[in-house]
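J.: Need the 3D shape of this:
(one chain, ligands or ions: 3)
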Amino acid sequence: MHKTVHVGLPGREYDIQIGPGLLAEAGKYIAPFLPRPRVVVISDETVAGLHLDSLRAGLAADGITLTALSLPPGEATKCWSQLTHCVDWLLEQKVERNDIVIALGGGVIGDLVGFAAAVLRRGVRFVQIPTSLLAQVDSSVGGKTGINVVQGKNLVGAFHQPTLVMADTDTLGTLAPRDFLAGYGEVVKYGMLGDAAFFDWLETQGPALAAGDMTARIEAVRRSVQMKADIVMRDETEQGERALLNLGHTFGHALEAATQYSSRLLHGEGVAIGCALAFELSARLGLCSQEDPSRVRAHLKTMGMMTDLRDIDGELPDADGLLELMGQDKKVVSGELRFVLARGIGDAFVTGDVPRDMVRQVLVDALDQR
Ligand SMILES: NC(=O)c1ccc[n+]([C@@H]2O[C@H](COP(=O)([O-])OP(=O)(O)OC[C@H]3O[C@@H](n4cnc5c(N)ncnc54)[C@H](O)[C@@H]3O)[C@@H](O)[C@H]2O)c1
Ligand SMILES: O=C(O)C(=O)C[C@@H](O)[C@H](O)[C@H](O)COP(=O)(O)O
Ligand SMILES: [Zn+2]
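T.: Numbering: from 1, shown residues only. Ligands and ions are numbered 1, 2, ... in the order given. Here you go, the predicted structure:
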């Protein structure tokens with residue numbers, strides 16, 4: 001059941017271990033990287049309450065001690081003040097250049113702790129132990145780390161690759177259904193952007209995955225991570241192809257900013273709605289058939305996911321307000337928006353050739369449905 005995916009970046013290569021029971025074996029995997037038998041761990045309070053003892057026991061079996069810090073759960077934790085808190089705490093623990101910092105948790109903890117590790121002493125090594133579906137399939141891999149600021153999502157950060165990723169699929173058993181489905185938004189994204197056969201597979205296996213089928217979960221994590229690793233190996237710092245992983249994010253990040261990174265909209269939910277909008281835009285531009293956005297929305301709905309702006313509670317900015325927020329997207333070049341669009345399911349590409357009026361109309365129509 002245990003799978004390994006290798007990220008072969010020259011000088012920064014690492015393995016992603018995937019499977020059940022990995023926390024209990026943590027010492028075996030981490031010990032080879034340790035200069036001394038101690039680690040520091042940063043987690044969130046929910047994850048620490050559920051899984052820190054298992055990690056502690058798994059490390060103790062190999063004589064490794066653990067000191068931990070827990071932060072409040074939720075997207076709001078990916079911020080300047082918690083970054084300062086993490087860095088101060090790591091310095092108090094006298095973490096040295098060769099020590100290992102562990103990020104135990106979802107994408108919020110992985111992004112925040114990875115960024116703290118990137119700036120601490122100009123870069124210490126860190127290990128990702130992702131515990132949410134989203135973190136196992138996406139955020140723990142590829143080295144994008146950072147925080148949100150009022151001006152936009154992930155606008156302050158660094159590329160800093162982990163030394164090891166350990167995705168213990170047993171931890172998904174304690175994840176709330178809403179958080180699981182948000183992570184599924186990133187899983188289905190891989191099928192939509194570059195692997196139509198994976199999308200077909202998810203249409204049949206998605207319900208089993210959500211219901212807890214371990215074989216299906218491991219396969220979904222492995223396929224997602226393999227696809228991400230392959231893209232990252234070809235384009236680590238997003239000079240080109242890596243931007244495909246941003247499918248749905250131009251819309252999604254603006255919606256997250258519009259909802260103040262609150263529980264009104266989780267990242268993966270924004271990605272799901274954003275993918276539906278990106279396919280809608282692609283169809284209106286004549287790039288793909290109208291059947292494609294319909295099929296995307298149908299699958300997301302079957303899974304019980306958000307697909308439309310009407311699924312978001314509370315007020316939203318108007319179309320111009322959303323366009324303004326989209327202007328902070330990192331794919332913007334010379335002030336012009338660029339999008340990940342699709343010629344069909346599994347065939348995405350990046351383009352700046354998108355009339356602003358067309359984007360605006362897609363937003364106006366989506367807002368009108370509310
Ligand atoms: N760096 C990247 O490449 C990348 C990729 C995708 C997303 N992200 C970022 O990841 C973040 C979203 O990640 P997320 O969805 O994991 O959010 P999250 O870290 O907030 O986790 C979601 C919720 O699940 C809880 N949780 C996590 N693991 C659990 C478990 N095993 N059992 C019970 N509860 C658990 C957390 O406490 C939290 O409340 C966003 O900030 C997004 O921008 C980064
Ligand atoms: O790894 C990537 O590259 C991605 O784009 C993956 C995304 O799912 C992720 O949300 C990422 O953090 C977005 O990157 P950003 O550069 O648009 O902030
Ligand atoms: Zn994402």
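J.: Pro70: what's it in contact with?
T.: Slight slip there: residue 70 is Ser, not Pro. Counting by Cβ atoms under 8 Å, 6 or more residues apart in numbering, Ser70 makes contact with 42-45, 48, 52. All C-beta spots, glycine's among them, are computed from the backbone N, C-alpha and C.
J.: now those: which count as buried?
T.: Those of the contacts of Ser70 that meet the buried threshold are 42-44, 48, 52, by 16 or more other Cβ atoms under 10 Å.
J.: Find the nearest non-adjacent residue to the most far-flung residue of the chain relative to its centre, please.
T.: Distance from the C-alpha centroid of the chain, by Cα atoms, centre = their mean, peaks at Gly63 (32.2 Å). Leaving out its chain neighbours, the residue that sits closest to Gly63 by Cβ to Cβ, 6 or more residues apart in numbering is Pro37, at 5.2 Å.
J.: pretty sure that neighbour contacts Ala61?
T.: No - counting by Cβ atoms under 8 Å, Pro37 does not reach Ala61; the two are 11.7 Å apart.
J.: number of nearby residues for the residue nearest to Gly63?
T.: 14 (other Cβ atoms under 10 Å).
J.: and the residue minimising distance to the centre of the chain, what does it touch?
T.: The centroid of the chain falls nearest to Ser139 when counting by Cα atoms, centre = their mean (3.5 Å). Contacts were defined as Cβ under 8 Å, 6+ apart; by that measure Ser139 touches 106-107, 110-111, 130.
J.: among those, which are in helices?
T.: Using DSSP state H, 107, 110-111 are the members of those that sit in helices.
J.: Specify the beta-bridge partners of Val165.
T.: Taking DSSP bridges as the rule, Val165 bridges to Ile16, Gln128.
J.: That one and ligand 1: what is the separation?
T.: 12 Å (Cβ to the nearest ligand atom, to the nearest Å).
J.: got it, and Ile18?
T.: Distance, Ile18 to ligand 1, using Cβ to the nearest ligand atom: 15 Å.
J.: who's in contact with that residue?
T.: Ile18 sits next to 2-5, 136, 167, 169, 218, 221-222, 225 when contact means Cβ under 8 Å, 6+ apart.
J.: again, 6 Å this time
T.: Taking Cβ atoms under 6 Å, 6 or more residues apart in numbering as the contact definition, Ile18 lies against 3, 167, 221-222.
J.: Let me have these in JSON lines, extended by neighbour count, distance to ligand 2 and secondary structure.
T.: JSON lines is the format used below for those (neighbours: other Cβ atoms under 10 Å; distance: Cβ to the nearest ligand atom, whole Å; DSSP: H, G, I helix; E, B strand; the rest coil):
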{"residue": "Lys3", "neighbour count": "17", "distance to ligand 2": "20", "secondary structure": "strand"}
{"residue": "Ala167", "neighbour count": "27", "distance to ligand 2": "16", "secondary structure": "strand"}
{"residue": "Val221", "neighbour count": "26", "distance to ligand 2": "15", "secondary structure": "helix"}
{"residue": "Arg222", "neighbour count": "20", "distance to ligand 2": "17", "secondary structure": "helix"}
